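1. Sharing a model prediction with you, sequence too.
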Amino acid sequence: MNYNDSIRTIKGVGEKAEKAFHKLNIREVGDLLEHYPRDYDEFHDLVPIRELKEGSVMAIEGVLRRKPSVKTTSRLKIITAFVEDETGVVQVTWFNMPFLVSRLKMGTRYILRGRVGIRNGKFVLEQPQMYNKNEFYKKVGKMLPIYPLTAGLTNHQMTKAVTTAVSQCEGVVEFLPAEIRTRHHLIGYRKAVQDIHFPKNRVDYMKARKRLAFDEIFLYQAALRAIRLQNYHESCHVMEPKQEVEEFLGDLPFALTGAQKRVYEEIVTDMTSGTVMNRLVQGDVGSGKTVVAVLALYLAVCNGKQGAFMVPTEVLATQHYESLQKMLGKRGVRVGLLTGSLTAKQKREGKEKLTAGEWDIVVGTHAILQDNVEFQSLALVITDEQHRFGVRQRETLSEKGDAPHVLAMSATPIPRTLALVLYGDMDLSVMDELPANRLPIKNCVVGTEYRPNAYKFMKEQMEQGHQVYIICPMVDESEELELENVTLYTEQLREMFQGIAVVDCLHGKMKPKEKNDVMGRFSKGDTDILVSTTVIEVGIDVPNATVMMIENAERFGLAQLHQLRGRVGRGDAQSYCILMYGNDSKEAKERLGILAGSNDGFHIAREDLKLRGQGDFFGVMQSGDKLFKLADIYEDADLLTVANEEAKTYDFDEISRFYAKNRRLSEKLNHYMGKVSL
């Protein structure tokens with residue numbers, strides 16, 4: 001039996017069971033071996049009845065002192081008995097197991113194991129299993145796996161299939177060099193697979209988990225390194241420092257922050273080094289990444305090359321286009337705009353100018369990626385809010401030039417350990433300083449009773465000429481969830497602010513042209529209040545907006561709330577964020593308190609990662625999936641560091657040969673990265 005064999009090769013797995021396994025994406029033996037337990041049932045020794053604890057699964061030994069009673073309801077048959085030991089008496093309850101009445105004998109001693117509950121102030125052992133001493137003590141001290149299941153599969157069936165696979169699969173072979181295993185005290189691969197499914201104790205489980213988590217991080221990092229080595233080659237776009245750029249810097253109406261200077265110097269070093277730049281600039285909302293991007297584009301143009309600036313929305317593309325025109329147009333730089341909503345004639349003329357070299361810089365959306373868009377000498381590709389673009393999209397844009405320099409920008413402040421994993425194929429620059437003229441946003445966490453005061457405050461801000469965002473988590477009404485929704489809310493506000501403010505509505509179900517029209521009106525100041533879902537989170541820059549109120553704020557992740565909040569505070573005026581909760585639980589208030597107490601996106605991201613876990617972290621995984629099955633970016637931060645260091649030094653040819661032989665590993669890496677070409 002091998003990793004790539006069908007699940008049907010396992011004894012006992014017939015056609016019906018195979019279909020159930022397929023629902024869990026288990027098609028081959030290797031899939032089954034990597035279907036790790038979600039929990040374990042740990043068998044502990046017997047306890048006296050007086051030591052029972054609510055909520056725990058515990059085992060007792062006692063004598064049945066009364067004849068069991070049976071109570072029948074419309075849906076259940078409930079059997080109740082009482083078991084006694086030297087320390088006390090406990091009620092025992094079974095549901096829909098009437099046959100037990102004839103089996104339970106008064107005066108007989110039983111070993112019972114079940115979950116401890118409380119009814120009428122007394123302990124109850126619920127739905128316990130019965131054991132004889134021999135079979136019970138065979139299980140004591142063991143950890144029995146509990147697997148993720150689906151309809152048609154029991155935990156017993158899953159355990160039986162995994163047992164067969166673990167014992168008979170020949171593909172469970174070691175691949176880590178002995179020196180790495182020794183250096184980091186890692187157990188062998190086969191033993192790790194055995195012990196992650198069937199650990200004898202918690203120590204064995206922890207050793208197995210450490211080894212397999214290390215493998216996940218190590219292989220992912222090694223694959224990123226392979227991509228990096230492939231992309232690391234000499235550049236035919238070697239830039240030279242230009243006096244014109246220095247003059248442009250001197251003419252800016254503001255001084256660059258220390259972080260902006262440092263990051264720009266790193267970019268210049270890359271672009272003049274003779275090798276292709278592949279750099280991620282990670283900066284908090286409002287840190288001034290766009291100015292650095294403009295400097296990089298101008299450097300390329302001054303060297304006789306073209307640049308492309310790709311952004312996720314048409315409104316943002318238009319804003320960047322207008323900014324570049326204003327900043328560089330007077331210096332003779334020819335800037336073009338290419339978006340999906342342009343007329344066919346405008347698109348055709350724009351593409352012709354790009355091909356002829358009549359545009360030095362093009363700003364656009366996904367429209368830039370179309371096959372018929374060609375450049376004369378593309379030397380620099382910039383993607384803004386890069387997590388919105390997949391690996392293949394970035395590569396498609398890069399392929400439009402002869403290995404152009406690549407600069408990705410992200411306002412999602414991911415902790416460095418996580419960035420190290422996600423963007424290991426890129427050099428990382430962190431912009432951790434805000435411009436001096438940026439006033440910190442003032443935050444407050446309030447309940448719905450504060451709503452009248454919030455509306456009054458918004459009215460005061462609008463009377464001063466400012467604009468307001470209101471964010472809701474839903475589009476339409478839902479009977480299940482009592483959340484504020486955009487469409488109804490907009491109508492209510494239009495009635496409330498009639499003659500005072502223009503209220504507009506934005507949500508994800510709108511057509512692209514509708515969205516662009518709404519955001520365009522707000523950007524121009526034609527709209528006073530914009531009621532929106534999270535589609536506003538990226539894609540619009542309105543310095544005049546000073547208030548954001550987020551309804552049902554407890555429904556969002558902290559990092560996402562921080563991104564939303566970043567839509568205000570972009571001008572010179574003081575800005576405010578009102579976090580309104582619908583659920584007044586202590587936990588919800590504490591979470592929102594973290595956001596209210598800090599405007600530091602990196603601090604908030606770290607807290608969000610602790611609270612939500614890597615799979616739910618905003619902006620990390622677009623699909624919402626966990627990156628790894630076992631490894632956890634926060635919990636395994638130390639392991640992440642050592643695995644990354646080992647991947648850097650691992651023999652590239654050796655790992656390439658191993659990948660070539662192992663189809664399952666190649667598939668796994670393809671899942672991780674979107675592309676593997678080793």
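-> Perfect, I can see it now.
2. Most distant residue from the centre of this structure?
-> Gly107 (57.6 Å; Cα atoms, centre = their mean).
3. residues contacting that residue?
-> Neighbouring residues of Gly107 by Cβ atoms under 8 Å, 6 or more residues apart in numbering: 63-65. C-betas here are computed from N, CA, C, even on glycine.
4. Could you export these as JSON lines, including pLDDT, distance to Glu358 and neighbour count?
-> Output for the contacts of Gly107, formatted as JSON lines (pLDDT from 0 to 100; distance: Cβ to Cβ, whole Å; neighbours: other Cβ atoms under 10 Å):
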{"residue": "Val63", "pLDDT": "95", "distance to Glu358": "95", "neighbour count": "14"}
{"residue": "Leu64", "pLDDT": "93", "distance to Glu358": "93", "neighbour count": "19"}
{"residue": "Arg65", "pLDDT": "86", "distance to Glu358": "96", "neighbour count": "12"}
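5. what's the closest of the residues you listed to Asp45?
-> Of all the contacts of Gly107, Asp45 sits closest to Val63, with 18.8 Å by Cβ to Cβ.
6. A helix includes that closest one, no?
-> No: going by DSSP: H, G, I helix; E, B strand; the rest coil, the assignment for Val63 is strand, not a helix.
7. Quick check: it touching Lys105?
-> No: with contact defined as Cβ atoms under 8 Å, Val63 does not reach Lys105; the gap is 10.1 Å.
8. secondary structure class for Cys236?
-> Three-state call for Cys236 (three-state DSSP): coil.
9. So what's the residue count around it?
-> If you count neighbours by other Cβ atoms under 10 Å, Cys236 ends up with 13.
10. can you check Arg115 too?
-> Arg115 has 14 neighbouring residues, counting by other Cβ under 10 Å.
11. For it, give me its contacts.
-> Listed by Cβ under 8 Å, 6+ apart, the contact set of Arg115 reads 55-57, 125-127.
12. same deal with Gly304?
-> Residues near Gly304 by Cβ under 8 Å, 6+ apart: Ser377.
13. before we move on, the earlier item: which of the contacts of Arg115 ranks first by neighbour count?
-> With neighbours taken as other Cβ under 10 Å, the top of these is Leu125, carrying 25 neighbours.
14. Now the longest helix anywhere in the chain: buried residues?
-> For the chain, the longest helix by residue count, based on DSSP state H, is helix 202-231. Using 16 or more other Cβ atoms under 10 Å as the burial criterion, the residues of helix 202-231 that qualify are 204-205, 207-227, 231.
15. And stretch 292-311, by the same measure?
-> Those buried within stretch 292-311 under the rule 16+ other Cβ under 10 Å are 292-303, 305-311.
16. Could you tell me which of those residues are located in strands?
-> Under the assignment DSSP state E, the buried residues of stretch 292-311 contribute 306-310 to strands.
17. give me the low-pLDDT residue ranges for the stretch 1-150 of the chain?
-> Nowhere does the stretch 1-150 of the chain drop to pLDDT under 70.
18. ok, 80 please
-> Counting by pLDDT under 80, the stretch 1-150 of the chain contains low-confidence residues at 74-75.
19. residue ranges of the helices in it, please?
-> Secondary structure of the stretch 1-150 of the chain (DSSP state H, counting those that start in this stretch): helices at 15-23, 29-33, 100-103, 133-139.
20. and Ala573, what does it touch?
-> By Cβ under 8 Å, 6+ apart, the contact set of Ala573 is 439, 466, 544, 546.
21. What distance do you get for the first one to Asn453?
-> Taking Cβ to Cβ, to the nearest Å as the criterion, Leu439 is separated from Asn453 by 22 Å.
22. Against Gly152, how distant is Met271?
-> 58 Å.
23. So between the two, which is more surrounded?
-> Met271 (27 against 12).
24. out of everything not next to it in sequence, what's closest to that one?
-> Of all residues not flanking Met271 in the chain, Met239 sits nearest, at 4.2 Å (Cβ to Cβ, 6 or more residues apart in numbering).
25. pull the helix or strand with minimum mean pLDDT from this structure.
-> helix 663-673 (a mean of 55; mean pLDDT, DSSP states H and E).
26. wait, doesn't His237 sit right on Lys305?
-> Yes: look at His237 against Lys305 with Cβ under 8 Å: they come within range, at 6.0 Å.
27. can I assume the residue nearest to Met271 sits in a strand?
-> No: secondary structure of Met239 (three-state DSSP): coil, not part of a strand.
28. Tell me which residues of stretch 111-125 come out buried.
-> Within stretch 111-125, the residues that count as buried by 16+ other Cβ under 10 Å are 111-114, 116-117, 123-125.
29. now do stretch 334-346
-> Neighbour-count burial for stretch 334-346, counted by 16+ other Cβ under 10 Å, picks out 334-339, 342.
30. and which of the residues you listed is nearest Asp45?
-> Using Cβ to Cβ, the shortest approach to Asp45 within these belongs to Thr339, at 69.2 Å.
31. On the pLDDT front, check the closest residue to the closest one other than its chain neighbours for me.
-> Residue nearest to Thr339 in three dimensions, not counting chain neighbours: Glu314, with 4.6 Å by Cβ to Cβ, 6+ apart. Among the per-residue scores, Glu314 holds a pLDDT of 82.
32. All set, thanks.
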